[in-house]
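Asker: Show me the folded form of this:
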Amino acid sequence: MADVEMKPVDEKKEGKTAEEEKKVVPLTPTAEIKTNIALIDRAVATLEPRFTHRVLRSLSHLRKRLDNKVLRDAINETYTTDSASKKVLLSWLPEASTEETMDIDPPAPSKQAQAEPVPEAEVYFRLLILHHLLLSPSTYPKATKLAHETIEKMQALNRRSMDPIAAKVWYAVERTYELSGDLADARPHFLAAQRTAALRHDDETEASLINRILRSYLQYNLYDQADKLVSKTSFPSAAANPQHARYHYYLGRIKAVQLKYTAAHTNLQQAIRRAPPAKTAPGFYQAVHKLTIVVELLMGDIPERGLFRHPVLEKALVGYFEIVKAVRNGSLSQFQNTLSKYAAEFEADKTYTLIVRLRQNVIKTGIRRLSLSYSRISLRDICVKLHLDSEEDAEYIVGKAIRDGVIDGRIVHEKGWMECGGQKSGYGPEVSDVFSRRISYCLELHNQSVKAMRYPLNAHRKELAAAEGAREREKELAKEIQEGGDLDDDGPDLGDGF
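Answerer: Below you'll find the predicted structure:
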């Protein structure tokens, strides 16, 4: 018996080693920047903005890995010649130390001179440097100067391919002013740039600027001006989903302050649908859900319990979960304790004034529970159980609840108590009248259906008579043809039908 060679096993081992060698090695920050510059050049050459969008999607991950050395190496490798753009970009970075210059080998001179990168590449480098300068408070003034210079350069170029990058630059400009504490000073720049972007039909830039202006207004509680801006501008429909999500979130905040809770809830639901995944943008995801919970409580609804178990929302919604439990139980003392405990968190989230409005909902829930438990209760006991200030407040609140239809009862002012209407047992003349109306409606509907299904009498006989008449006419026509002979002998006087 011949020996069997084990070549297949060796081939499998070789395949495994080849797969291990082919494992993707993550790019260094410098190499990633160079790849992004190549994609930007390709986007400008082919007029395809999707390559630019691909570059910008990696911005949030890339800016966390930036430092002076990475940016300096990327600029030197991208700009091979000593151009004016290269000198300006390097001037925003500190000079390299002697140790770094000794570690870096000078780039080999290329036989063919490389072309100057497109202006979009320079603005992209400025964007990276701007994000890097925002990491330290000591470089905030330098970041402000760079932001102004970048804005002037973008507006002077007026290139359509610059639109996606310009939208990100305006976000960085807003972040610069916000960290410096001068966000209100940036508002005139945003308004002027928004008018220019609307005239040039730069959708991404216009959408970003509208969101920047709305954020500036809401930061200083200028809700009337924000509402006027929304009414006099139209948000670009071609903007990206993140911009739409921010816009709907700001609209939800404006409508909630204006007591338009249904419209606010609709906008917040749109923001949740259009927002990035929870793990990609956890801060925005938490902010939208915090406001949504408060709006649902103001509408009289109770949020689902599973929402508070979400891994991204569980810790952020602890205070809001306590508020929901207080509103559901109708306990005013629990509501006041929770409000005082988490007041700092609610003020930071800009939801404190909305949560204060829930006090009336808590009181109404508590009164409804008392009306179901007691047939008669004194106003003094209501004041004690709901932790109200005085019996006059209790009388006013109970009277308003009766007028609004929250409870069924009346106040006996002479004796100082509230008489609650007894619960209906489901029997009596009112119930029988309702059943009688339902039965008569069903019988009438049945009679109308039967009448609609009936057919006219003797209708089939008319069809039979028509069929018999047609057969008789065919027989007469056949006889005329047989008696008349061949049709070809009659000449051309047969008529138009032949």
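
Asker: Helix or strand for the residue nearest the centre of the chain, just tell me which one.
Answerer: Geometric centre of the chain, nearest residue: A271, 2.0 Å, by C-alpha atoms, centre = their mean. In the assignment (DSSP states H and E), A271 maps to helix 261-274.

Asker: Let me see the contact set for N329.
Answerer: T365 (C-beta atoms under 8 Å, 6 or more residues apart in numbering). Bear in mind the C-beta positions are built from the backbone N, C-alpha and C, glycine included.

Asker: Next one: it from K341, what distance?
Answerer: 16 Å (C-beta to C-beta, to the nearest Å).

Asker: And the pLDDT for the residue nearest to the centre of the chain?
Answerer: A271 is assigned 94 on the pLDDT scale.

Asker: Surely it is in contact with R253?
Answerer: No. When contacts are counted by C-beta atoms under 8 Å, A271 is not listed as touching R253 (10.1 Å).

Asker: ranges for the strands of this protein?
Answerer: For the chain, applying DSSP state E gives strands covering 376-378, 409-412, 417-420.

Asker: nearest to K315, of the ones you listed?
Answerer: K315 sits nearest to strand 376-378 of all those, at 40.7 Å, using C-beta to C-beta.

Asker: partner strands of that closest one, parallel or antiparallel?
Answerer: Here strand 376-378 is paired, per DSSP bridges, with strand 417-420 (antiparallel).

Asker: Any buried residues in the strand it pairs with, and which?
Answerer: If you call a residue buried by 16 or more other C-beta atoms under 10 Å, then strand 417-420 has these buried ones: 417-418, 420.

Asker: Check stretch 65-81 too.
Answerer: In stretch 65-81, counting by 16+ other C-beta under 10 Å, buried: 66, 69-76, 78-80.

Asker: quick check, nearest of those to V230?
Answerer: Set against V230, the nearest of the buried residues of stretch 65-81 by C-beta to C-beta is L66 (35.9 Å).

Asker: So that closest one sits against P29, correct?
Answerer: Yes. The criterion here is C-beta under 8 Å, and L66 meets it with P29 at 6.4 Å.

Asker: The closest residue to R159 other than its chain neighbours and S83, how far apart?
Answerer: Excluding the flanking residues, the one nearest R159 by C-beta to C-beta, 6 or more residues apart in numbering is P119, at 6.6 Å. Here the distance between P119 and S83 works out to 12 Å (C-beta to C-beta).

Asker: who has more neighbours, the two?
Answerer: P119 (19 against 13; other C-beta atoms under 10 Å).

Asker: Would you state the predicted confidence (pLDDT) at that one?
Answerer: For P119, pLDDT reads 87.

Asker: roughly how far apart are it and A166?
Answerer: As defined by C-beta to C-beta, P119 lies at a distance of 11 Å from A166.

Asker: go on, C442?
Answerer: For C442, the distance to A166 equals 66 Å [C-beta to C-beta].

Asker: same deal with M418?
Answerer: 64 Å.

Asker: again with L332
Answerer: Relative to A166, and taking C-beta to C-beta, L332 is found at 52 Å.

Asker: between those two, which one's more packed in?
Answerer: Neighbours were counted for L332 and for A166 using other C-beta under 10 Å; A166 has more, 26 against 18.

Asker: contacting residues around the more buried one?
Answerer: Per C-beta under 8 Å, 6+ apart, neighbours of A166: 123, 154, 202, 204-205, 208.

Asker: Export these to a markdown table and append columns for neighbour count.
Answerer: Shown next, in a markdown table, are the contacts of A166 (neighbours: other C-beta atoms under 10 Å):
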| residue | neighbour count |
| --- | --- |
| V123 | 20 |
| M154 | 22 |
| D202 | 23 |
| E204 | 25 |
| T205 | 27 |
| S208 | 30 |
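
Asker: Redo the residues you listed as TSV? Include pLDDT and distance to I382.
Answerer: Formatted as TSV, the contacts of A166 follow (pLDDT from 0 to 100; distance: C-beta to C-beta, whole Å):
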residue	pLDDT	distance to I382
V123	90	66
M154	88	65
D202	88	61
E204	92	58
T205	92	59
S208	93	54
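
Asker: Helices - which of those land there?
Answerer: 123, 154, 204-205, 208 (DSSP state H).

Asker: Pick out whichever of these sits closest to K315.
Answerer: Within those, the smallest distance to K315 is 30.5 Å, found for S208 (C-beta to C-beta).

Asker: mind showing which ranges of the stretch 151-300 of the chain have poor pLDDT?
Answerer: Within the stretch 151-300 of the chain, not a single segment meets pLDDT under 70.

Asker: sorry, back to before: for R159, which of the strands of the chain is the nearest?
Answerer: Among the strands of the chain, the nearest to R159 by C-beta to C-beta is strand 409-412 (71.4 Å).

Asker: ok, so what distance separates V288 from Q270?
Answerer: V288 is 10 Å from Q270, where distance means C-beta to C-beta.

Asker: Between these two, which has more neighbouring residues?
Answerer: V288 (23 against 17).

Asker: pretty sure that one contacts Y249?
Answerer: Yes. Assessed by C-beta under 8 Å, V288 is found in contact with Y249 at 5.6 Å.

Asker: Common neighbours of those two, please.
Answerer: By C-beta under 8 Å, 6+ apart, the residues touching both V288 and Y249 are 268, 271.

Asker: circling back: ok, and for the helix holding A271, which residues are buried?
Answerer: Judged by neighbour count (16+ other C-beta under 10 Å), helix 261-274 contains these buried residues: 261, 263-268, 270-272, 274.

Asker: Check stretch 297-304 too.
Answerer: Neighbour-count burial for stretch 297-304 [16+ other C-beta under 10 Å]: 297-298, 303.

Asker: Next, format those residues as TSV and append distance to K142.
Answerer: Output for these, formatted as TSV (distance: C-beta to C-beta, whole Å):
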residue	distance to K142
L297	46
L298	45
P303	45
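
Asker: Kindly indicate which of those residues lies nearest L386.
Answerer: L386 has its nearest neighbour among the buried residues of stretch 297-304 in L297, at 18.1 Å by C-beta to C-beta.

Asker: mind listing what that closest one touches?
Answerer: Contact analysis of L297 by C-beta under 8 Å, 6+ apart lists 303, 323-324, 327, 358, 361.

Asker: which one of the strands of the chain lies closest to D224?
Answerer: Nearest to D224 among those is strand 409-412 (39.7 Å), distances taken as C-beta to C-beta.

Asker: what's the closest one packed up against?
Answerer: Strand 409-412 sits against helix 391-404, strand 417-420, with contacts defined as 3 or more C-beta pairs under 8 Å, 6 or more residues apart in numbering; DSSP states H and E.

Asker: now do 6 Å
Answerer: Here strand 409-412 is seen to pack against strand 417-420 when contacts are counted using 3 or more C-beta pairs under 6 Å, 6 or more residues apart in numbering; DSSP states H and E.

Asker: Give me the residues contacting the strand it packs on.
Answerer: Under the contact criterion C-beta atoms under 6 Å, 6 or more residues apart in numbering, strand 417-420 has outside partners 371, 375-378, 398, 409-411.

Asker: just these now: which is nearest S91?
Answerer: Distances from S91 to the contacts of strand 417-420, taken by C-beta to C-beta, are shortest for V398, at 72.9 Å.

Asker: how many other residues sit next to the closest one?
Answerer: 24.

Asker: got the contact list for it?
Answerer: M418.

Asker: Could you check how far it is from K341?
Answerer: Taken as C-beta to C-beta, the span from V398 to K341 is 29 Å.

Asker: For stretch 234-244, list every residue counted as buried.
Answerer: Neighbour-count burial for stretch 234-244 flags 235-236, 239-240, 242-244 (criterion: 16+ other C-beta under 10 Å).
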